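K.L.:
have a look at this prediction, sequence included:
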Amino acid sequence: MVYKLKLNGEYVLGNENDWVKGADLSRKNIQLNAKTNDIYTVEWRWEDTDYDTEIGVLGGPGGAYYKMFIKVEAEQIID
C-alpha cells in the first residue's frame, strides 16, 4: 500500500503524482490553534506487485488483511 496525506484539502505528504510508503506517513510538531478545525484525509492505493493477486485470493476469512493504526499525541502549551 502507498499513501498520500492532505491537510484541509492540500497535500502535506505525497502529491497529485507521488505516493509515500506507510513508514513515511507521519507528521510531527504541528501546532493546532485554539477554536479551529483541521481535516486530515488519508488516500491509499494498492501498489502492484508480483504477489498482489495471491494476497487478494488469500484475503478471505482468516486470510490476509490490512489495518491502519492512527496515533495522535497532544501537549497543551499555556503561555
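P.N.:
Perfect, I can see it now.
K.L.:
and the strands in this protein, which stretches?
P.N.:
Under the criterion DSSP state E, the chain contains strands at 2-7, 10-13, 20-21, 40-45.
K.L.:
can you list contacts of the last one?
P.N.:
Defining contact as CB atoms under 8 Å, 6 or more residues apart in numbering, one finds that strand 40-45 is touched by 1-7, 9, 14, 19, 25, 68. C-beta coordinates here come from the backbone N, C-alpha and C atoms, glycine included.
K.L.:
how about low-confidence regions in this protein?
P.N.:
51-53, 55-56, 58-65 (pLDDT under 70).
K.L.:
which residue would you name as the spatial centre of it?
P.N.:
By CA atoms, centre = their mean, the chain has its centre lying nearest to residue 42, at 4.6 Å.
K.L.:
and residue 30, how far from residue 38?
P.N.:
Computed with CB to CB, to the nearest Å, the distance linking residue 30 and residue 38 is 8 Å.
K.L.:
got the strands of the chain as TSV, with distance to residue 54 columns?
P.N.:
TSV is the format used below for the strands of the chain (distance: least, CB to CB, whole Å):
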stretch	distance to residue 54
strand 2-7	19
strand 10-13	29
strand 20-21	21
strand 40-45	18
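K.L.:
most packed of the ones you listed?
P.N.:
strand 2-7 (a mean of 17; mean count of other CB atoms under 10 Å).
K.L.:
who touches it?
P.N.:
So strand 2-7 is contacted by 11-15, 18-22, 25, 27, 38-45, 47 (CB under 8 Å, 6+ apart).
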